[in-house]
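Undergrad: What shape does this take:
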Amino acid sequence: MNTVEFTLNGQQVKAATGRSIFNIAKDLGIQIPHLCHKDGLTPDGNCRACVVEIEGERTLAPSCCRSPTLGMKVQTNSERALKSQKMVLEMLLADLPEQGYKWLDDRAEAPHGELSQWAEHHGVQVRPALAELRREAVPADLSHPAMAVNLDACIQCNRCERACRDLQVNDVIGLAHRGAHTQVVFDLADPMGESSCVACGECVQACPTGALMPKSHIGPQSVDREVNSVCPFCGVGCLVTFKVKDEKIVSVEGRAGPANEGRLCVKGRFGMDYVHSPDRLTQPLIRKPGVAKDVSLLDGHTDWREVFREASWEEALDAAVQPLRALKQQFGLKALAGFGSAKGSNEEAYLFQKLVRTGFGSNNVDHCTRLCHASSVSALLEGVGSGAVSNPVRDVEHSDLIIVIGSNPTSNHPVAATWMKNAAKRGTRIVLMDPRVTDIGRHAWRTLPFKADTDVALLNAMLHVVVTEGLCDETFLRERADHVAELKAHVQAFSPEAMAPICGIPAETIREVARAYATSKAAMILWGMGVSQHVHGTDNVRCLIALASLTGQIGRPGTGLHPLRGQNNVQGASDAGLIPMMYPNYQRVSNKQAHDWFEQFWGTQLDDQPGYTVVEIMHKALADDSDPHKVHGMYIMGENPAMSDPDLNHARHALASLKHLVVQDIFLTETAWLADVVLPASAWPEKTGTVSNTDRMVQMGRQALQPPGEARPDLWIIQQIAQRMGLDWHYEGEHAGVEQVYEEMRQAMHAAIGGIDWARLNAGSVTYPCLSADDPGQPIVFHDHFPTPDGRVRLVPAGLISANERPDVDYPMVLITGRQLEHWHTGAMTRRATVLDAIEPAATVSMCGADLQRLGVVPGQRVQVASRRGEVELVVRRDDGTPEGVVYIPFAYREAAANLLTNAALDPFGKIPEFKYCAVQVRIPQAA
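TA: The predicted model follows:
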């Protein structure tokens, strides 16, 4: 590292070349006032509060954007520097309203954030004559559901603009006018609530004076405590700080975590008040005798008291477990099944699958990975020997080219998308490959909107170009790949010219993108459920593995394969064994060595055959009574298959047909309405435990609140059920013995997290594999070998397989389902979050303008969308990124559940349903 020596306040200092005087002084404990400067933002130097005196220079210099040179003599506290600093603070403070934040409440005068703090630090008082020149008041803008805008408190430091433009790359905030009339504006001076703002709140976190604030935490409110944790929504794994006042989370700030560096999205920053919803379950419930499990109850209009009665925990636990034990005794070990949760902790996932395997007696345990990335995991385990990502999302900063395929990251993984947009601003080329042109397309070098269901055709055409144009990394293939010849021979038939009519992308564009990917110094592939949720999802990922392998774009910084995980702990829940064919750390239940090890480790006999997956369990619940493997009873923790499964009419019928159903959740979800016993559980801010994000990073979540009423920690409930099932479990310690559970899980997953003990996690995030205490963790894997039996990647050719259901005369359009920015999964949490529901309160169906014109429909009109399985009614939204002949429906809305329409056809390898393609019709409802 190059260093420079200079004098700072008379002291000889050695510092890294290029560092700012401000940061060097900060490291030495020297305080310099600053307002426009904030760590993470590009230095701007416009406020002039941080000026210092440099010997020999006529003018004072802003320390935030000035680096020292050899021999430079700097004074931060000279008379001249201090006088200037104080003058700046006084002039800025003089322009702000006397009443502080009184514009929003009736409290007395309050300080203006960092400006007041620095004024107090420097003993600055505003002279009355200067205060008389205060600028004219500006009305507050309260148009946005989440944020309040008070430009009276704005000092034009442009932190908000840089946060919006440089960090989040949303380009909503700018500065308008000139001189004394300069003003922060949103878009074309629109009210914030009517602008294109996506409510990430980065501007709020950046603002030093309170000109931008969350409505839930206005002014300098003191809080009772601040608790560091992890965001409970998507798989990015943003670190957060919960600010708690009167036992409520009043605001959330992003922390400088490895995945987010303080950044958050609208859900992470403004979506936490779901934990305070009046809908929270606070008492165990037991279904009243004679009350049928009628799916009509799911309309949301029935009073729960007509269906359930409250019970004590002792009674509810007995009512939950005794029928499960009886069903097991009567019908055998296959009679019971369990759905665990990707929304809880690793410890909960581990204990849940252990309960099903050792207490129920089978491997009939699954969770939502079956509905999102099961085919990705299947292909990755087959090809590279690991179901996790090879490189973290932030590694795109080292990429020359990024392929984003089957993913809408700005909506589904917003903070991950910021790293992609940051990379694009630095010159990295983004290639968006998706039937829908989504927001990331604005930052793309090339956009390939291929026809839905033609992923394999497009990817095989790219492989053809790589093979036939001599773009393969032959050294890599010779040393590290198997079945190369078979793959090369297979793709000969898939020329871009032959595939162009199938996938709808011009042959020359396919060739251009394939060449660019193959010849880049470092290229990375990131994909979402648009790749995995097909009957050919495994084949789609096989093609991606082949593309990375043929070109040697794996095992180095800026390269690799990254399936973006959907929920906060879907990676960790899968790692912990919450899947029917794998023990923890992806050890197959049919592998005798693994089976024998876990039998000894858990001290009980185990089934050596894979269990049933989510969709298969639903089929087995409706099987004939003569089927010896019919599922009669279920225990569901934190999952909502009555909303998340495909062909919901079938799934709901299956759940209602069970002889006994126990549901453990924080709300009376659609699934809970069909339960015999409902157990009130803990929300994420109410528990301590670990989660593993999409980057393979294990992180600690800490309890900020107590569960409401009689609700109990999930880990405690699992143990109570286990004990009543006859298991001799005794985990001791705080938070239902979470540390003991983690340490047991660490033994079971030693090959992944053996070097990450509980104390280490308390100190910070650690990426696995991490095999020893001095192993820093391995964010990038596959450097020189793959964790396959022979250490080589296995290449598997993929042919063209059509969707299970194609459009026809009766159902001429294609339905694609997915998420939207504000709502997450089945909406159980986000639709109970005040801000999120205010921004997106109603179910919508998106179509392009051409289809709207053809159907004679206008945006805002209600239409019916029907498939062969059901129909829903929604409001039309125009989206010209959606191709002709396609409709897009988010699946978070109970009143218009998209999965009533979707097809339950399965990928034969990953056993994942085909959510991303089915035939539908759109019609205008008949007048009543």
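
Undergrad: V250: neighbouring residues, count only.
TA: 18 (other Cβ atoms under 10 Å). C-beta coordinates here come from the backbone N, C-alpha and C atoms, glycine included.

Undergrad: Okay, the nearest residue to it once chain neighbours are set aside and F270: tell me how far apart.
TA: Computed as Cβ to Cβ, 6 or more residues apart in numbering, the closest residue to V250 that is not its neighbour in sequence is H217, at 4.6 Å. Taking Cβ to Cβ, to the nearest Å as the measure, H217 falls 11 Å from F270.

Undergrad: neighbour count winner among the two?
TA: F270 (29 against 18).

Undergrad: residues contacting the more buried one?
TA: A146, A199, G201, P214, S216, V252, A833, V835, L836 (Cβ atoms under 8 Å, 6 or more residues apart in numbering).

Undergrad: 7 Å - rerun?
TA: A146, A199, G201, P214, V835, L836 (Cβ atoms under 7 Å, 6 or more residues apart in numbering).

Undergrad: Tell me the one of these nearest Q353?
TA: L836 (31.0 Å; Cβ to Cβ).

Undergrad: Give me the buried positions along the helix or strand the closest one falls within.
TA: Per DSSP states H and E: L836 is located in helix 834-839. Going by neighbour count (16 or more other Cβ atoms under 10 Å), the buried part of helix 834-839 is T834, V835, L836, D837, I839.

Undergrad: need those in JSON lines with pLDDT and distance to D434, can you?
TA: Shown next, in JSON lines, are the buried residues of helix 834-839 (pLDDT from 0 to 100; distance: Cβ to Cβ, whole Å):
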{"residue": "T834", "pLDDT": "96", "distance to D434": "32"}
{"residue": "V835", "pLDDT": "96", "distance to D434": "28"}
{"residue": "L836", "pLDDT": "96", "distance to D434": "24"}
{"residue": "D837", "pLDDT": "96", "distance to D434": "27"}
{"residue": "I839", "pLDDT": "96", "distance to D434": "24"}
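
Undergrad: about what we covered before: mind pulling the model confidence for the residue nearest to V250?
TA: Looking at H217, its pLDDT reads 82.

Undergrad: residues touching it, list them.
TA: Contacts here follow Cβ under 7 Å, 6+ apart; on that basis H217 touches K243, V250, S251.

Undergrad: which one among those residues gets closest to R178?
TA: Looking across the contacts of H217 and measuring by Cβ to Cβ, the closest to R178 is S251, at 34.5 Å.

Undergrad: Specify the beta-bridge partners of that closest one.
TA: Beta-bridge pairing of S251, defined through DSSP bridges, involves K243.

Undergrad: Could you do V185 as well?
TA: G174.

Undergrad: Report the separation between it and N170.
TA: Taking Cβ to Cβ, one finds V185 at 14 Å from N170.

Undergrad: The most centrally placed residue in the chain: what's its closest spatial neighbour, skipping adjacent residues?
TA: For the chain, the residue nearest the mean C-alpha position is C234 (1.8 Å; Cα atoms, centre = their mean). Take C234 and drop its neighbours on the chain: the residue closest to it by Cβ to Cβ, 6+ apart is H413, 5.5 Å away.

Undergrad: Identify the residues contacting that neighbour.
TA: C234, V236, L564.

Undergrad: In three-state terms, label the first one for me.
TA: Classification of C234 using DSSP: H, G, I helix; E, B strand; the rest coil returns coil.

Undergrad: That one and T844, how far apart?
TA: Distance from C234 to T844, by Cβ to Cβ: 21 Å.

Undergrad: what sits up against stretch 487-500?
TA: By Cβ under 7 Å, 6+ apart, stretch 487-500 touches 457-458, 460-461, 463-465, 467, 506-507, 510-511, 546, 795, 797.

Undergrad: Now do the buried residues in it.
TA: The neighbour-count check on stretch 487-500 (16+ other Cβ under 10 Å) flags L487, K488, H490, V491, F494, S495, P496, M499, A500 as buried.

Undergrad: Turn the residues you listed into JSON lines, including secondary structure, pLDDT and distance to P208.
TA: Below are the buried residues of stretch 487-500 laid out as JSON lines (DSSP: H, G, I helix; E, B strand; the rest coil; pLDDT from 0 to 100; distance: Cβ to Cβ, whole Å):
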{"residue": "L487", "secondary structure": "helix", "pLDDT": "98", "distance to P208": "57"}
{"residue": "K488", "secondary structure": "helix", "pLDDT": "98", "distance to P208": "59"}
{"residue": "H490", "secondary structure": "helix", "pLDDT": "98", "distance to P208": "60"}
{"residue": "V491", "secondary structure": "helix", "pLDDT": "98", "distance to P208": "57"}
{"residue": "F494", "secondary structure": "coil", "pLDDT": "98", "distance to P208": "57"}
{"residue": "S495", "secondary structure": "coil", "pLDDT": "98", "distance to P208": "58"}
{"residue": "P496", "secondary structure": "helix", "pLDDT": "98", "distance to P208": "54"}
{"residue": "M499", "secondary structure": "helix", "pLDDT": "98", "distance to P208": "54"}
{"residue": "A500", "secondary structure": "helix", "pLDDT": "98", "distance to P208": "54"}
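
Undergrad: So C47 versus L35, what's the distance?
TA: From C47 to L35 the distance is 4 Å (Cβ to Cβ).

Undergrad: Give the intersection of the neighbour lists for those two.
TA: With Cβ under 7 Å, 6+ apart, C47 and L35 have common neighbours I155, C157.

Undergrad: avg pLDDT for stretch 84-97?
TA: Here the average pLDDT along stretch 84-97 is 91.

Undergrad: quick check, nearest of the contacts of H217 to L526?
TA: Distances from L526 to the contacts of H217, taken by Cβ to Cβ, are shortest for S251, at 31.0 Å.

Undergrad: what sits against that closest one?
TA: P214, S216, H217, K243.

Undergrad: what's the burial count for T17?
TA: Using other Cβ under 10 Å: T17 sits among 12 other residues.

Undergrad: repeat for V809
TA: 6.

Undergrad: Quick check: the gap between it and T538.
TA: 31 Å.

Undergrad: swap in I816?
TA: According to Cβ to Cβ, I816 and T538 sit 19 Å apart.

Undergrad: With L8 instead?
TA: For L8 relative to T538 (Cβ to Cβ), the value is 60 Å.

Undergrad: out of the two, which sits in the busier spot?
TA: It is T538, of L8 and T538, that has more neighbours when counted by other Cβ under 10 Å, with 28 against 20.

Undergrad: what's the lowest-mean-pLDDT helix or strand in the chain packed up against?
TA: One helix or strand of the chain scores below all others by mean pLDDT, DSSP states H and E: helix 128-131, with a mean of 85. Other elements packing on helix 128-131 under the criterion 3 or more Cβ pairs under 7 Å, 6 or more residues apart in numbering; DSSP states H and E are helix 79-94.

Undergrad: Quick check: buried residues in the helix it packs on?
TA: Buried residues in helix 79-94 (16+ other Cβ under 10 Å): A81, L82, S84, Q85, K86, V88, L89, E90, L92, L93, A94.

Undergrad: which residues touch the third one?
TA: The neighbours of S84, taking Cβ under 7 Å, 6+ apart as the test, are V51, L60.

Undergrad: Kindly report the same for V920.
TA: V920 neighbours (Cβ under 7 Å, 6+ apart): Y811, M813, L815, V865, A866, S867, V887, L901.

Undergrad: Report the separation between the third one and G885.
TA: The gap separating L815 from G885 is 11 Å, by Cβ to Cβ.

Undergrad: Same drill for these two, tell me which one is more crowded.
TA: Higher neighbour count among L815 and G885: L815, with 28 against 16, using other Cβ under 10 Å.

Undergrad: Now name the helix or strand holding the nearest residue to the more buried one once chain neighbours are set aside.
TA: Of all residues not flanking L815 in the chain, V920 sits nearest, at 4.5 Å (Cβ to Cβ, 6+ apart). Counting by DSSP H and E, the element that carries V920 is strand 918-923.

Undergrad: and that strand, which residues are buried?
TA: Neighbour-count burial for strand 918-923 [16+ other Cβ under 10 Å]: C918, A919, V920, Q921, V922.
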